[in-house]
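Engineer: next comes the sequence, and after it the predicted model I'd like to discuss.
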Amino acid sequence: QVQLVESGGGLVQAGDSLRLSCAASGRTFSTYSMGWFRQAPGKEREFVAAIARGGGSTYYADSVKGRCTISRDNAKNTVYLQMNSLKPEDTGVYYCAAERSLLRPGRADEYDYWGQGTQVTVSS
């Protein structure tokens with residue numbers, strides 16, 4: 001079992017940066033690949049980024065490529081999402097998630113554990 005707690009969301013202006021964190025419980029964090037998803041009001045949850053267990057492979061949605069960086073610190077049981085040049089369309093609740101494999105990193109149904117989410121609001 002893995003428990004995930006996101007933090008770092010907030011209200012920012014377009015062009016600003018935010019760094020989201022996701023802290024995981026347990027001693028097995030390094031055995032999980034991690035992903036970030038987001039959900040805007042009235043829309044389906046969408047993939048943002050994912051990172052393999054050792055951090056060697058990363059994946060990004062086209063909408064955030066070049067603006068976001070996912071990273072992890074296995075010693076701290078934490079995964080991060082650095083978001084730069086934020087746009088109003090980045091607004092939503094951001095969730096981190098964990099899965100054992102990373103065969104299809106963009107598929108939400110592949111992930112076994114989810115956090116409660118952190119709100120990001122970008123004003124124009």
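Structural biologist: That came through, no problem.
Engineer: how much space separates the residue positioned nearest the centre of the chain from V5?
Structural biologist: Nearest to the geometric centre of the chain sits W36, at 2.2 Å (Cα atoms, centre = their mean). W36 is 14 Å from V5, where distance means Cβ to Cβ, to the nearest Å. For the C-beta atoms, the positions are set from N, CA and C on the backbone; glycine is no exception.
Engineer: circling back to that earlier point, wait, doesn't the residue nearest to the centre of the chain sit right on V93?
Structural biologist: No: with contact defined as Cβ atoms under 8 Å, W36 does not count as touching V93 (11.2 Å).
Engineer: gap between F29 and S63?
Structural biologist: F29 is 27 Å from S63, where distance means Cβ to Cβ.
Engineer: of the two, who's got more company?
Structural biologist: Legend: neighbour count by other Cβ atoms under 10 Å for F29 and S63, higher for F29 (22 against 14).
Engineer: report the separation between the more buried one and A108.
Structural biologist: On the measure of Cβ to Cβ, F29 and A108 end up 20 Å apart.
Engineer: and for W36 and V5, which residues touch both?
Structural biologist: C22 (Cβ atoms under 8 Å, 6 or more residues apart in numbering).
Engineer: leaving out sequence neighbours, find the closest residue to G9.
Structural biologist: Of all residues not flanking G9 in the chain, T118 sits nearest, at 3.5 Å (Cβ to Cβ, 6 or more residues apart in numbering).
Engineer: what do you get for S7?
Structural biologist: Using Cβ to Cβ, 6+ apart and skipping residues adjacent in sequence, the residue nearest S7 is S21, 5.1 Å away.
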